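[1] Give me a 3D structure for the following:
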Amino acid sequence: MEGSRLTTSTLASNIRPEPAVPAWMTLLLAFACGLIAANLYYAQPLAGPIGAALGLSTGATGLIVTVTQIGYGIGLLFIVPLGDLLEARRLMLTLIGLATLALLGAALSTHPLPFFVSTFCIGLASVAVQVLVPYAAHMAPEAVRGRVVGNVMSGLMLGIMLARPVSSFIAQMASWHTVFFMSASAMLLLALTLGLSLPPRDPVSTLSYRRLLGSMVRLARATPVLRRRALYQACLFAAFSLFWTTAPLLLAGPEFQLSQGGIALFALAGVAGAIASPIAGRLADKGWTRPATAFAMLAVAAAFLITHFGTYGSPLALGSLVVAGILLDFGVTTSLVLGQRAIFVLGAEYRSRLNGLYMATFFAGGAAGSALGGLAFAHGGWVLASWLGFAMPAAALIYFLTERRSA
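    Numbering: from 1, shown residues only. This is a model prediction of the structure:
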């Protein structure tokens, strides 16, 4: 079965009836996902003051975020698949424990090397969130799996979107060290809560770790649904990363001249997009994945067109950017949940590996979008960056139109 072609129809028979997830547990898992995912983004708006405190050059300051992303990407490929091999709750708690130690290391760092080692481990351990999401899918019955995953993912998206403004506000009142100390305390409390609240979930696969990793190549080749959904999301997440990398540069520039506090308030607008997660889950449960996917791609493309309303620096232009941020986050979140719902029905024994491949693919797209966005903004300002952002969902939509309805 490991090497066979995986489709919804061929694996539906492997899905066994499962009890419903209590509402309080769904809320707890969503809250946990948000807290863990936020660890990846706390340092993003603090790169300047952290770099100054550690004596980093301007070029090396950019590594503060990059090293965390590298750790997360490695964790997606080599740690998340362990969810198919090890007891899920124990794996989660181990990763959260590592995150706690890494956050304390970052908070106490006064030199670059220990700080970069700590941020790498923060990224590596934050893949705990991608163990939690399949865990929630395992617990949910087929009829409401999309709804449960969507609700849990809403917590994850809230964590991602709130991390930047929250860390900016805390650092403004105290220091960047305080941000990491507070997050380490939150991780410790979260580990205690999850350890007492969540039931164990034994794995289905009996493969060795080496064979488990080898099977991921076969799964990628044999699962057209995974390949398509991952590439769709890679394009949309590239646009997402481009927008949130370059929009603050535009807002801090001579046209808008916003302070860090003002940019933090702007980032809060994107939180509204988190409401897409439960909506997308319900649409998927009703069989409306295809039209919802097209809507998500069109929404992301339209968001970049909206940013051209008004003269830069005017209230209309600022309002247009706010609306664009909300619409873009809504579209990206919708596509993310639809993709996870599509791959989670393929079979319980594959979920962690499929999720790791899915997340790693679109995370790579996000890293590329961030890098390309910075280059485009440096050479052509917001005009070039925004049209590049528009091209990414447009490419996803063109590829989507080649999908057969039977898929």
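
[2] Just confirm residue 96 contacts residue 125, I think it does.
    Yes: Residue 96 lies in contact with residue 125 (C-beta atoms under 8 Å); the separation is 7.1 Å. C-beta: built from backbone N, CA, C; applies to glycine.

[3] Which residue is the nearest non-sequential neighbour of residue 266?
    residue 251 (6.1 Å; C-beta to C-beta, 6 or more residues apart in numbering).

[4] Identify the residues contacting that neighbour.
    258, 262, 263, 266, 318, 321 (C-beta atoms under 8 Å, 6 or more residues apart in numbering).

[5] can I get those residues in TSV with neighbour count and distance to residue 32?
    Output for the contacts of residue 251, formatted as TSV (neighbours: other C-beta atoms under 10 Å; distance: C-beta to C-beta, whole Å):
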residue	neighbour count	distance to residue 32
258	17	33
262	15	31
263	20	28
266	20	27
318	18	35
321	24	32
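
[6] Tabulate the CA atom coordinates of stretch 279-288 in PDB.
    Output of stretch 279-288 as PDB, limited to C-alpha atoms (Å, rounded to 0.1, in the frame of the first residue of the first chain):
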ATOM      1  CA  ILE A 279     -15.600  28.500   6.800                       C
ATOM      2  CA  ALA A 280     -13.200  26.600   4.500                       C
ATOM      3  CA  GLY A 281     -13.500  23.500   6.600                       C
ATOM      4  CA  ARG A 282     -17.300  23.500   6.300                       C
ATOM      5  CA  LEU A 283     -17.200  24.100   2.600                       C
ATOM      6  CA  ALA A 284     -14.800  21.100   2.100                       C
ATOM      7  CA  ASP A 285     -17.100  18.900   4.200                       C
ATOM      8  CA  LYS A 286     -20.000  19.800   1.900                       C
ATOM      9  CA  GLY A 287     -18.000  18.900  -1.200                       C
ATOM     10  CA  TRP A 288     -17.400  22.500  -2.400                       C
END
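
[7] tell me the secondary structure for residue 389?
    Taken by DSSP: H, G, I helix; E, B strand; the rest coil, the conformation at residue 389 corresponds to helix.

[8] What is the burial count for it?
    31 (other C-beta atoms under 10 Å).

[9] before we move on, what about the one 10 residues further on?
    With neighbours defined by other C-beta under 10 Å, the count for residue 399 comes to 14.

[10] helix or strand for it, which one?
    Taking DSSP states H and E as the definition, one finds residue 399 inside helix 351-400.

[11] Check which helices and strands that helix sits against.
    helix 63-78, helix 129-139, helix 209-222, helix 224-252, helix 289-306, helix 315-344 (3 or more C-beta pairs under 8 Å, 6 or more residues apart in numbering; DSSP states H and E).

[12] Which one, of those, ends up nearest to residue 22?
    Residue 22 lies closest to helix 129-139 among the helices and strands packed on helix 351-400, at 9.3 Å (C-beta to C-beta).

[13] Quick one: mean pLDDT over the closest one.
    If you average the pLDDT over helix 129-139, you get 84.

[14] That one to helix 315-344, inter-axis angle?
    Here helix 129-139 runs at an angle of 60 degrees relative to helix 315-344 (axes from the mean of the first three to the mean of the last three C-alpha atoms, to 10 degrees).

[15] where does the stretch 251-400 of the chain dip in pLDDT?
    260, 273-274, 277, 348 (pLDDT under 70).

[16] Going by neighbour count, list what's buried in stretch 365-384.
    For stretch 365-384, the neighbour count (16 or more other C-beta atoms under 10 Å) marks 365-374, 376-377, 381-382, 384 as buried.

[17] Same check on stretch 146-159?
    Buried, per 16+ other C-beta under 10 Å, within stretch 146-159: 146-159.

[18] Let's see that stretch as PDB, backbone CA atoms only.
    Output of stretch 146-159 as PDB, limited to C-alpha atoms (Å, rounded to 0.1, in the frame of the first residue of the first chain):
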ATOM      1  CA  GLY A 146     -12.800  19.500   7.600                       C
ATOM      2  CA  ARG A 147     -14.700  21.600  10.300                       C
ATOM      3  CA  VAL A 148     -12.400  20.300  13.100                       C
ATOM      4  CA  VAL A 149      -9.200  20.900  11.000                       C
ATOM      5  CA  GLY A 150     -10.500  24.400  10.000                       C
ATOM      6  CA  ASN A 151     -11.200  25.300  13.600                       C
ATOM      7  CA  VAL A 152      -7.800  24.200  14.700                       C
ATOM      8  CA  MET A 153      -6.100  26.000  11.800                       C
ATOM      9  CA  SER A 154      -7.900  29.200  12.800                       C
ATOM     10  CA  GLY A 155      -5.900  29.100  16.000                       C
ATOM     11  CA  LEU A 156      -2.700  28.500  14.000                       C
ATOM     12  CA  MET A 157      -3.400  31.500  11.700                       C
ATOM     13  CA  LEU A 158      -4.300  33.800  14.600                       C
ATOM     14  CA  GLY A 159      -0.900  32.900  16.100                       C
END
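
[19] for that stretch, the distance to its chain's centre please.
    Chain-centre distance of stretch 146-159: 11 Å, with C-alpha atoms, centre = their mean, to the nearest Å.

[20] all helices for the stretch 1-150 of the chain, in order.
    8-11, 23-38, 47-54, 58-61, 63-78, 88-108, 112-125, 129-139, 145-173 (DSSP state H, counting those that start in this stretch).

[21] Show me what the fifth one is in contact with.
    Okay, so that is helix 63-78. For helix 63-78, using C-beta under 8 Å, 6+ apart, the contacting residues are 40, 43-44, 47, 50-51, 56, 115-116, 119-127, 130, 213, 216, 356-357, 359-360, 363-364, 367.

[22] mind checking how far that helix is from the chain centre?
    Taking mean C-alpha positions (C-alpha atoms, centre = their mean), helix 63-78 and its chain are 12 Å apart.

[23] buried stuff in it?
    Buried, per 16+ other C-beta under 10 Å, within helix 63-78: 63-65, 67-73, 75-78.

[24] Redo these as JSON lines? Include pLDDT.
    Putting the buried residues of helix 63-78 into JSON lines (pLDDT from 0 to 100) gives the following:
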{"residue": "63", "pLDDT": "73"}
{"residue": "64", "pLDDT": "77"}
{"residue": "65", "pLDDT": "75"}
{"residue": "67", "pLDDT": "83"}
{"residue": "68", "pLDDT": "86"}
{"residue": "69", "pLDDT": "79"}
{"residue": "70", "pLDDT": "84"}
{"residue": "71", "pLDDT": "89"}
{"residue": "72", "pLDDT": "89"}
{"residue": "73", "pLDDT": "85"}
{"residue": "75", "pLDDT": "91"}
{"residue": "76", "pLDDT": "86"}
{"residue": "77", "pLDDT": "84"}
{"residue": "78", "pLDDT": "89"}
